[in-house]
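A.B. asks: sequence-free structure coming up:
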């Protein structure tokens, strides 16, 4: 292809990329610029390679090289900024958001943990109550999972240690599905989130009360105390995010219902981002630490207590040094 034809065919692309760069360099880029930048940058690099391969004029090659260098600077500058934003959110933004949304967080936590501990106490005092929530076969399966005589405990207790990574993937999918349904069902005017918070709380509580009552408390509590710090907290926070969506639909105030939902969704999605992080951590702990029987229950209790304190301190105090309003 002759250089003149090459220039006429792609001149508009180069001009458009230059305008995009100017907007980025001046800090006036919008979402359209950010979305279109990466493919435009790749096309420009391809054009530069073609121009060099075909021996086009130094004037054209210099022009394309300058655009490519400017694009390179913007590409890595914005990638670094994104990384810094993610780190900032994890270290400070997420716990500040949890504290700022304390009404929804407190409501969801009361519903979830209240039903959990309440049902655990009731089943412990009245053992047959477990069968009102679970079939006998499910109860037997649960007992086998936490039998003190088992070599490994928890779900899929018969697996080999080399299969922990497979269980890590399973726990990720299972945990995230529970968190997502608890959050997304809040669109049903909050009733879905309310249902899943209570359902999960009652089921977990019933299992805890039953296993404690039959003498499996050591294997059960030493198993759940570690990853529970992140998993149970994440379920409550996912419920809080869902309840926030439901409240926006039920009581939009002076805003149109769609606008109130849009605003609430922005905050809720940020909460869910933190929930996913918590669930990933929980899955890792459950797969590689909770199911181990090579250490003593007392060690697991100590580690679990430390993890609960860590989660509480993180959500309660992280980000306060920046004096951001809660």
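C.D. replies: Done, it's in. Computed from a predicted structure; not experimentally measured. Numbers count the residues shown, from 1 in each chain.
A.B. asks: now for the closest residue in space to residue 68 that isn't next to it in sequence, how many residues are close by?
C.D. replies: Closest residue in space to residue 68, ignoring its immediate chain neighbours: residue 48 at 5.4 Å, by Cβ to Cβ, 6 or more residues apart in numbering. No exception for glycine: its C-beta is placed from N, CA and C like everyone else's. Residue crowding around residue 48 was assessed by other Cβ atoms under 10 Å; the count is 18.
A.B. asks: tell me the mean pLDDT over the helix or strand residue 48 falls within?
C.D. replies: Per DSSP states H and E, residue 48 falls inside helix 31-54. Mean pLDDT, computed over helix 31-54, is 80.
A.B. asks: again with stretch 223-241
C.D. replies: Here stretch 223-241 scores 95 as its mean pLDDT.
A.B. asks: could you do stretch 74-89 as well?
C.D. replies: For stretch 74-89, the mean pLDDT works out to 69.
A.B. asks: ditto for stretch 246-257
C.D. replies: Stretch 246-257 comes out at a mean pLDDT of 89.
A.B. asks: endpoint to endpoint, that stretch covers what distance?
C.D. replies: Using Cα to Cα, to the nearest Å, the end-to-end distance of stretch 246-257 comes to 11 Å.
A.B. asks: buried ones in it, by neighbour count?
C.D. replies: Across stretch 246-257, burial judged by 16 or more other Cβ atoms under 10 Å covers 246-249, 252.
A.B. asks: how about the helix holding residue 48: buried residues?
C.D. replies: For helix 31-54, by 16+ other Cβ under 10 Å, it's 33, 37, 40-41, 44, 47-48, 51.
A.B. asks: as TSV, the residues you listed with distance to residue 227 would be great.
C.D. replies: Output for those, formatted as TSV (distance: Cβ to Cβ, whole Å):
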residue	distance to residue 227
33	42
37	40
40	44
41	42
44	47
47	51
48	51
51	56
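A.B. asks: what's the closest of those to residue 141?
C.D. replies: Among the buried residues of helix 31-54, residue 37 lies closest to residue 141 (Cβ to Cβ), at 52.6 Å.
A.B. asks: settle this for me: the closest one is touching residue 24, isn't it.
C.D. replies: Yes: look at residue 37 against residue 24 with Cβ atoms under 8 Å: they come within range, at 7.1 Å.
A.B. asks: check which helix or strand the nearest residue to residue 175 once chain neighbours are set aside maps to.
C.D. replies: Once flanking residues are discounted, residue 175 sits nearest to residue 279: 4.1 Å by Cβ to Cβ, 6+ apart. In this structure, residue 279 sits in helix 257-285 according to DSSP H and E.
A.B. asks: so for that helix, what gets flagged as buried?
C.D. replies: Within helix 257-285, the residues that qualify as buried are 260-261, 264-265, 267-268, 270-276, 278-285, counting by 16+ other Cβ under 10 Å.
A.B. asks: determine how far that helix lies from the middle of the whole chain.
C.D. replies: Computed by Cα atoms, centre = their mean, to the nearest Å, the separation of helix 257-285 from the middle of its chain amounts to 7 Å.
A.B. asks: and the helix or strand that comes right after that helix, what does it pack onto?
C.D. replies: Next in sequence after helix 257-285, counting helices and strands by DSSP H and E, comes helix 297-317. If contacts are counted by 3 or more Cβ pairs under 8 Å, 6 or more residues apart in numbering; DSSP states H and E, helix 297-317 sits against helix 94-100, helix 217-250.
A.B. asks: show me the contact partners of helix 297-317.
C.D. replies: 95, 98-99, 218-219, 221-223, 225-226, 228-230, 233, 285, 289-290 (Cβ atoms under 8 Å, 6 or more residues apart in numbering).
A.B. asks: that's all I had, so thanks and see you.
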